[in-house]
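Participant: Please find the sequence and the predicted model below.
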Amino acid sequence: MAFTHIAVEAQAGIITITFNRPKALNALNRALLLELNDALSSIEQDDSARVVILTGAGDKAFVAGADITELAACNTLQAKRFAKLGQQTISRLQALEIPVIAAVNGFALGGGSEIALACDFIYAAETANFGLPEITLGLIPGFGGTQRLPRLVGINRAKELIFTGRMVPAAEAHAMGWVNAVCPLDELLVAVGKTAAAIASKGRVALRAAKQAINNGLNADLATGLNLELDAFAICMASPDAKEGTTAFLEKRKADFSGDWEG
Ligand code: CO8
């Protein structure tokens, strides 16, 4: 598949999607979001895909938000459609069965932070900055930020950040639990790649079950979440990966997971 606004590279089951509009600090226009949807469609159908990494082209920005030039030219209906496209794309990203890691290499503002918030976790360069500055444009976050940021960093902290639009340096984002790890820019993709490879070596059935149990359980009460976990655990037990994992342990060797759903 040929892309213009993103670049997609697959290696050993790890798919790296790079937002590729460096002159506009990788801002999200409609064309980029449509390409991201196409990339997600192909990942959803790809049995060899294990982990997705998202990052930005250049050393300045992950994504500096929705494309303000395009946004400013929208009427109300077009803006709502644009917001809906962004929300749907980002929700689809969050719902991918395989883990998604954001490698935030610079500014992650507005829609850029909102994309990172929908990933399973975030590693950031020391030089990265996060923020939801929409309030300074007379707007509010429209790609899920009002919902996902409070769930991750807490209600009051999210309100302060959304009401002020303040930029948060990577170290502070790390301290508040927004970001899992911070490293020098030139080490970021290596660090993310190592974690992605560690995840990719695990069983696909168990990874999917763990991700779904966590994500779906967080939207339910504890009793419902525990039931979801039981069902997900049972699915794992029925899989060839669980047979291989337990057998490999008893035979004192490294497991070689097929990722098949049925034996
Ligand atoms: N959209 C379009 N172009 C952008 C964007 C953007 N979000 N951000 C930067 N650019 C462009 C600049 O216009 C500039 O272009 P040019 O060279 O042609 O003038 C180029 O990228 C470089 O930017 P700067 O010269 O501004 O670089 P600085 O280092 O001086 O500043 C900043 C970097 C601080 C990141 C600054 O560019 C900035 O503040 N950008 C805007 C950040 C922002 O407000 N993001 C939120 C956007 S709104 C949003 O994301 C809402 C999501 C929900 C939308 C719902 C849809 C309806």
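Facilitator: Happy to help now that I have it.
Participant: Give me the residues contacting stretch 21-39.
Facilitator: Stretch 21-39 is contacted from outside by 1, 3-6, 8, 17, 19-20, 56-58, 60-70, 82, 85-86, 89, 92-93, 106-107, 111-112, 115, 143, using Cβ atoms under 8 Å, 6 or more residues apart in numbering. For every residue, glycine as well, the C-beta is placed using N, CA and C.
Participant: Now, of those, which are buried?
Facilitator: Neighbour counting by 16 or more other Cβ atoms under 10 Å classes 3, 5-6, 8, 17, 19-20, 56-58, 61-67, 70, 82, 85-86, 89, 93, 106-107, 111-112, 115, 143 among the contacts of stretch 21-39 as buried.
Participant: The ligand next: which of those are close?
Facilitator: Ala64, Gly65, Ala66, Asp67, Phe82, Gly86, Phe107, Gly111, Phe143 (Cβ under 6 Å from any ligand atom).
Participant: In the stretch 101-250 of the chain, what residue spans correspond to strands?
Facilitator: Applying DSSP state E, counting those that start in this stretch to the stretch 101-250 of the chain gives strands spanning 107-109, 121-125, 129-131, 168-169, 181-183.
Participant: Quick check: bridge partners of the residue lying closest to Asn180 once chain neighbours are set aside?
Facilitator: Closest residue in space to Asn180, ignoring its immediate chain neighbours: Phe121 at 4.6 Å, by Cβ to Cβ, 6 or more residues apart in numbering. On the basis of DSSP bridges, Phe121 is bridged to Ile101.
Participant: Spit out the contact partners of Phe121.
Facilitator: Ile101, Ala102, Asn180.
Participant: By neighbours, which of these wins?
Facilitator: Most neighbours among the contacts of Phe121, by other Cβ atoms under 10 Å: Ala102, with 30 neighbours.
Participant: quick one: the residue in the stretch 151-263 of the chain that the ligand sits nearest to from Asp231, how far?
Facilitator: The ligand sits closest to Met167 of the stretch 151-263 of the chain, with a gap of 7.6 Å, by Cβ to the nearest ligand atom. Applying Cβ to Cβ, to the nearest Å, the value for Met167 to Asp231 is 42 Å.
Participant: Those two: which has the busier surroundings?
Facilitator: Neighbour count, other Cβ under 10 Å: between Met167 and Asp231, Met167 has more, with 17 against 12.
Participant: Where does the prediction get shaky in the stretch 151-263 of the chain?
Facilitator: 262-263 (pLDDT under 70).
Participant: re earlier: next step: the buried ones among the contacts of stretch 21-39 restricted to strands.
Facilitator: With DSSP state E as the criterion, strands contain Ile6, Val8, Ile17, Phe19, Gly56, Ala61, Phe62, Val63, Phe107 from among the buried ones among the contacts of stretch 21-39.
Participant: what mean pLDDT would you report for the longest helix along the chain?
Facilitator: Criterion DSSP state H: the longest helix present in the chain is helix 76-94. Here helix 76-94 scores 96 as its mean pLDDT.
Participant: so what secondary structure elements neighbour that helix?
Facilitator: Where contact means 3 or more Cβ pairs under 8 Å, 6 or more residues apart in numbering; DSSP states H and E, helix 76-94 is packed against helix 30-44, helix 68-72, helix 111-118.
Participant: which bits of the chain sit near the ligand?
Facilitator: Residues of the chain lying close to the ligand (Cβ under 6 Å from any ligand atom) are 24-25, 27, 64-69, 71, 79, 82-83, 86, 107, 109-111, 133-134, 137, 141-143.
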